[in-house]
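Participant: Coordinates for the following, if possible.
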Amino acid sequence: MRHLLSALLITILFVCGAPCAALTMDTSGGGAAGQPVTVTLDEPAFVTFQMDSGGVPVYAYGTAVNFISATTGTLSITAESGGEVADATVTITSGGGGGGGGDTPSIVWKTVTLPAGTFNVTAENSEEIYAVPWQTALGVLKAAGVSFKVSKWSPGLLVDEVDGKSSEGTAGWMYQLNGMIGDISADKKMLSTNDKVVWYYSESMTQSPEQSPKAFYYKVQTSTAPPAPGGSSTETGETGTGPDATAEAVSYPLSLPPGSDLRLSEGRMYLTVNVPMATSAGGDQISFEGNTMLITRDDVILKIRFADFTDKKGIIAGGEITDVSVETMPVTIACANGTAPPEVSLLISLMTVPMDADVDVIATPLPNLSAVAADSLSAANRALGADGKAVGTAGWQMDVGKRGLENGVDVGDVTIRITTDPACIAKMGGISALRLIHIMDDGTAEVLSLRSAGTTADGRMMLEAGPAAGLSSFLFVSVTDAPVSSGTDTETTPTPTTTAPAPTESGTPLSAVCATVAGIIGITAIYRNQKR
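Facilitator: Numbering: from 1, shown residues only. All right, here's what the predicted structure looks like:
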């Protein structure tokens, strides 16, 4: 379910307030867990699904919407449009099932970004080392940071163990690609962007992922960037822990806490949160700064500001939401030159409260301009050309994958914050020579200048870039003067030049992030439904 709450808000803002005819609703299907319940309405309406009254509500919008329950119980359905309300209940019994190709409220799809090139894996039964392309079904496990073991097999590599669970007898690990069982070994099954891969433990060939005791769901993004240096050469699939180990892209989804109830009335969002339940059942830390609720979980803080609310024994009620934002915790980038490493975080302004979303970020060092994708470098130079500049040197690239979010609909402005020791500047030439290039979803680019945001207590600089128009890919570069045009349309990659450091207000050189970075960042945030 994507962008449904956003669509509803936009619709309510523009729909005329004239009275409507009575809303009618029909339900069909369902009856068993895993089978869809279809709701049909005579006009577009906001639909709320909730299991057994106390379940986390799921929202939809339209004239025909579906809901698939992963559990048994009573499903309550409420449709609302123009002040008219229609209700229904459906009893969900055991049974059902279904394929693994589509999105359902009970499934959380994580996004993984697969770089170019290969990684090495050792077969357990032969100790032979095999080079496996990253952009394969086996590469998905590697990129997701899930441990696995393989053995040599005549058609390819056989996956014997995933996440510590080994194959036994006729039961073992299988994968699906876009809802179809893999037809060749996972190390040879090549993938493309937007493919969906499910790894699951199967007791039989007829068992579906939904029936499996252990399953992993992934959406694939591919990148032309190479993997970070220092990766494993003889791994069996585990993520390394040493200083030269490869850090994979990680997803840190965030959802409203257990015991939350989000409702919409007259175009306004209201949130009720059972704080004791949220802190005990979900492990969230909830605090307040004035009228802003801070929900701290893993590496992100979700900030929800209310116009007003009441607190009755820990039940936060009547809270009309006026602003939603997310701040990621700083993530360290290991510098190749041994200086104090910089840290990067994201400040994201949200336009809605997504009910099922993730943000996945992988940052890759760029040792030289040849490591930058040609189309990204071309877009960056076109954007810089308006000011007579061009890319001089490259530092790192940050690829942001989104699930359940759309720039301009769910995601508003984004600010990137970089904290670094001034000694880490080396060749970048000071703040005036640095840019963050935002490569947007449509392939165009916008140039973000960096500015000082103060200093930390230990004397490190804080730099900020933005606001960027949403989340996609970012290139951290230094700039130089663009070459004089020859009168042709041929684009020329400029020769990097050294720019003198720009003085700060105190007369000392301004510093930014290292020119060469070793290691991959995994930064992530935002939103998905709780697993049930």
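Participant: wait, what's in contact with residue 437?
Facilitator: Counting by CB atoms under 8 Å, 6 or more residues apart in numbering, residue 437 touches 376, 379-380, 383-384, 391, 445-448, 474-477. For the C-beta atoms, the positions are set from N, CA and C on the backbone; glycine is no exception.
Participant: Could you give the separation of the helix or strand containing it from the chain centroid?
Facilitator: Assessed by DSSP states H and E, residue 437 sits inside strand 434-439. Distance of strand 434-439 from the chain centroid (CA atoms, centre = their mean, to the nearest Å) equals 20 Å.
Participant: and residue 27, what are its bridge partners?
Facilitator: Beta bridges link residue 27 to residue 39 when assigned by DSSP bridges.
Participant: from memory it sits against residue 75, does it?
Facilitator: No - when contacts are counted by CB atoms under 8 Å, residue 27 is not listed as touching residue 75 (9.1 Å).
Participant: helix or strand right after the strand holding residue 437?
Facilitator: Proceeding C-terminally, strand 434-439 gives way to strand 445-455 as the next helix or strand, assigned by DSSP H and E.
Participant: can you give me the angle that following strand makes with strand 434-439?
Facilitator: With axes from the mean of the first three to the mean of the last three CA atoms, to 10 degrees defining the directions, strand 445-455 sits at 140 degrees from strand 434-439.
Participant: show me where the protein has helices.
Facilitator: Per DSSP state H, the chain carries helices over the ranges 4-14, 137-144, 275-281, 374-385.
Participant: Report the separation between residue 48 and residue 355.
Facilitator: According to CB to CB, to the nearest Å, residue 48 stands 11 Å off from residue 355.
Participant: Likewise for residue 430?
Facilitator: According to CB to CB, residue 430 and residue 355 sit 44 Å apart.
Participant: cool, residue 270 as well?
Facilitator: Note on residue 270: its distance to residue 355, by CB to CB, is 15 Å.
Participant: Between the two, tell me which one has more neighbours.
Facilitator: The neighbour comparison of residue 270 against residue 355 (other CB atoms under 10 Å) goes to residue 355, with 22 against 17.
Participant: quick one: the more buried one from residue 179, how far?
Facilitator: Distance of residue 355 to residue 179, computed by CB to CB: 23 Å.
Participant: Number of residues surrounding residue 186?
Facilitator: By the criterion of other CB under 10 Å, residue 186 has 25 neighbours.
Participant: per-residue pLDDT, it?
Facilitator: Note on residue 186: pLDDT of 92.
Participant: Torsion angles phi and psi at it?
Facilitator: phi -60, psi -30 (degrees, to the nearest 10).
Participant: Now do the contacts for it.
Facilitator: 136, 137, 138, 156, 157, 159, 175.
Participant: And for residue 202?
Facilitator: 171, 172, 173, 174, 212.
Participant: Also residue 456?
Facilitator: Residue 456 sits next to 419, 462 when contact means CB under 8 Å, 6+ apart.
Participant: repeat that for 10 Å
Facilitator: Each residue near residue 456 by CB atoms under 10 Å, 6 or more residues apart in numbering is listed here: 343, 419, 420, 421, 462.
Participant: Just the buried residues from those, in ChimeraX please.
Facilitator: Burial among the contacts of residue 456 is assessed by 16 or more other CB atoms under 10 Å; the matching ChimeraX selection reads:
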select :343,419,420,421
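Participant: ok, so of the contacts of residue 456, who is nearest residue 367?
Facilitator: Nearest to residue 367 out of the contacts of residue 456 is residue 420 (CB to CB; 18.6 Å).
Participant: shouldn't that closest one be in contact with residue 462?
Facilitator: Yes - with contact defined as CB atoms under 10 Å, residue 420 counts as touching residue 462 (8.3 Å).
Participant: Run through the stretch 251-400 of the chain and note the low-pLDDT ranges.
Facilitator: 251-254, 282, 333-341, 356 (pLDDT under 70).
Participant: and if you look at the stretch 1-150 of the chain?
Facilitator: Along the stretch 1-150 of the chain, segments meeting pLDDT under 70 span 1-21, 30-31, 33-34, 53-61, 68-71, 94-108.
Participant: okay, residue 27 and residue 75: which has more neighbours?
Facilitator: Ranked by neighbour count (other CB under 10 Å), residue 27 and residue 75 place residue 75 first, with 22 against 15.
Participant: Report the beta-bridge partners for that one.
Facilitator: residue 51, residue 90.
Participant: Against residue 44, how distant is it?
Facilitator: From residue 75 across to residue 44, the span is 21 Å (CB to CB).
Participant: so who does the residue lying closest to residue 73 once chain neighbours are set aside touch?
Facilitator: Nearest non-adjacent residue to residue 73, counting by CB to CB, 6 or more residues apart in numbering: residue 52, 4.3 Å away. The contact partners of residue 52, by CB under 10 Å, 6+ apart, come to 71, 72, 73, 74, 75, 76, 92.
Participant: From what I see, the fifth one and residue 88 are in contact.
Facilitator: Yes - with contact defined as CB under 10 Å, residue 75 and residue 88 form a contacting pair (8.7 Å).
Participant: residues shared between the contacts of those two?
Facilitator: Each of 27, 37 lies in contact with both residue 75 and residue 88 under the rule CB under 10 Å, 6+ apart.
Participant: and residue 129, how many neighbours?
Facilitator: Neighbour count for residue 129, taken as other CB under 10 Å: 12.
Participant: How about residue 42?
Facilitator: Using other CB under 10 Å, residue 42 has 15 neighbouring residues.
Participant: Repeat that for residue 76.
Facilitator: Residues near residue 76, counting by other CB under 10 Å, number 17.
Participant: Tell me how far the closest residue to it other than its chain neighbours lies from residue 271.
Facilitator: Counting by CB to CB, 6+ apart, residue 76 lies nearest to residue 50, which is 4.9 Å off, once chain neighbours are set aside. Counting by CB to CB, the gap from residue 50 to residue 271 is 15 Å.
Participant: Give me the more crowded residue out of these two.
Facilitator: Per other CB under 10 Å, whichever of residue 50 and residue 271 has more neighbours is residue 271, with 21 against 18.
Participant: Let me see the contact set for the more buried one.
Facilitator: Residues near residue 271 by CB under 10 Å, 6+ apart: 256, 260-263, 293, 304, 306, 309, 316-321, 324, 353.
Participant: Can you tell me which of the contacts of residue 202 is nearest residue 117?
Facilitator: Ranked by distance to residue 117 (CB to CB), the contacts of residue 202 are led by residue 173 at 24.5 Å.
Participant: For residue 411, give the beta-bridge partners.
Facilitator: residue 350, residue 407.
Participant: isn't it right up against residue 402?
Facilitator: Yes - using CB under 10 Å, residue 411 is in contact with residue 402, at 7.4 Å.
Participant: Looking at the two, which is more packed in?
Facilitator: Counted by other CB under 10 Å, residue 411 and residue 402 do not tie: residue 411 has more neighbours, with 26 against 21.
Participant: measure that one to residue 203 for me?
Facilitator: Distance, residue 411 to residue 203, by CB to CB: 41 Å.
Participant: Same check on residue 37?
Facilitator: In terms of CB to CB, residue 37 sits 28 Å off from residue 203.
Participant: Show me which of those two is the more surrounded one.
Facilitator: residue 37 (21 against 14).
Participant: rewinding a little: quick one: the strand holding residue 437 to helix 374-385, angle?
Facilitator: When the same axes, to 10 degrees is applied, the directions of strand 434-439 and helix 374-385 differ by 120 degrees.
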